[in-house]
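> need a structure here:
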Amino acid sequence: MASTQRNTRASSQTQAKSVELREKLSADNKLLLDAIEATLLLSLKSEIQELKSQLAGRADEQREIKSSVAQGESLKSTPQMQLVRETSARLNDLEQYSRRNCLLLHGAVSPTSDTVQIILDTAKNTLGIDLSEGDIDRAHPLPRRKGSDGQRPPPIVIKFVSYTARHKFFSAKSKLKGSKLFVTEQLTKENALLLRATREKMGNGWSMDGRIYCLHDSVKKRVANRTDLDNMEL
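I've put the predicted structure just below:
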């Protein structure tokens, strides 16, 4: 009987210690979980804060870019910028006018040939017009462009003594069709780029007395600048 009582008390004590141990382990686990959670939250908060800082920096960059663009757009409309554009246009017109009596003859030059004689022969035999050496102020081949294959001869720039002689030569250029020769006006770099852009957009374009023209909706239109070209809807 005494033995049975001792066994019962021992069993109760064991159960009590087991419960106590489970409660202690549960508490320890809770502390461990709380510590892990706190660590993860701290790391996550740090990453979130870093992302916020990066986003704030990007926002500042975007504001700076927008400000720069807005400033640039405002500068375009300032009287100073308008004056610069007008002055640049006048200088281009003056440069083009200085070439008023000039033409370019393509495909007919040889460095060892008599350039003036080539022009006179072309005028007489191909264009059917009479020119004399006295009609030509000077003529010479232009330097070869960088990157050219060297097979196509550079054009001859011809400066006529008078606009009348120049106009006679230019007006007969259609007779060169089917040959290796062709004639163009000597445009300024700005006008040459404008003519190229006009042809690329409109599918046609030509120059006359240094001015650029095209057909837009079957109507002849002058293209004075890039703005004119941009405003032409296809």
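> what does stretch 206-215 contact?
96-97, 99-100, 184-185, 187-188, 191, 194-195, 198-199, 202, 204-205, 220-224, 232 (C-beta atoms under 8 Å, 6 or more residues apart in numbering). Just so you know, the C-beta spots here come from the backbone N, C-alpha and C atoms, and that holds for glycine as well.
> using the three-state scheme, assign residue 159.
Here residue 159 is recorded as strand under DSSP: H, G, I helix; E, B strand; the rest coil.
> residue contacts, the residue nearest to it when sequence neighbours are not counted?
In this structure, residue 159 finds its nearest non-sequential neighbour in residue 137, 4.4 Å apart by C-beta to C-beta, 6 or more residues apart in numbering. The contact partners of residue 137, taken as C-beta under 8 Å, 6+ apart, are 101, 159, 160, 161.
> and this structure, what are its domains?
Per automatic domain parsing, the domain ranges recorded for the chain read 58-98, 100-186, 187-234.
> by neighbours, which of the contacts of residue 137 wins?
Neighbour counts for the contacts of residue 137 (other C-beta atoms under 10 Å) peak at residue 160, which has 23 neighbours.
> per-residue confidence for it?
As predicted, residue 160 sits at a pLDDT of 98.
> how about the one 10 residues further on?
Per-residue confidence (pLDDT) for residue 170: 97.
> heads up, I number from 729, so please use that
Taking 729 as the first residue, the last one we looked at is residue 898.
> count the neighbours of it for me.
By other C-beta under 10 Å, neighbour count at residue 898 equals 17.
> in a helix, it, correct?
Yes. Looking at residue 898 with three-state DSSP, it is inside a helix.
> any chance of the domains of the chain in JSON lines, with distance to residue 774 too?
Output for these, formatted as JSON lines (distance: least, C-beta to C-beta, whole Å):
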{"stretch": "domain 786-826", "distance to residue 774": "19"}
{"stretch": "domain 828-914", "distance to residue 774": "56"}
{"stretch": "domain 915-962", "distance to residue 774": "51"}
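> so for residue 778, which of the ones you listed sits nearest?
domain 786-826 (12.8 Å; C-beta to C-beta).
> what is the mean pLDDT for that closest one?
On average, domain 786-826 scores 75.
> for the host helix or strand of residue 809, packing partners?
Residue 809 is part of helix 807-826 when elements are defined by DSSP states H and E. Secondary-structure packing of helix 807-826 (3 or more C-beta pairs under 8 Å, 6 or more residues apart in numbering; DSSP states H and E): helix 917-930.
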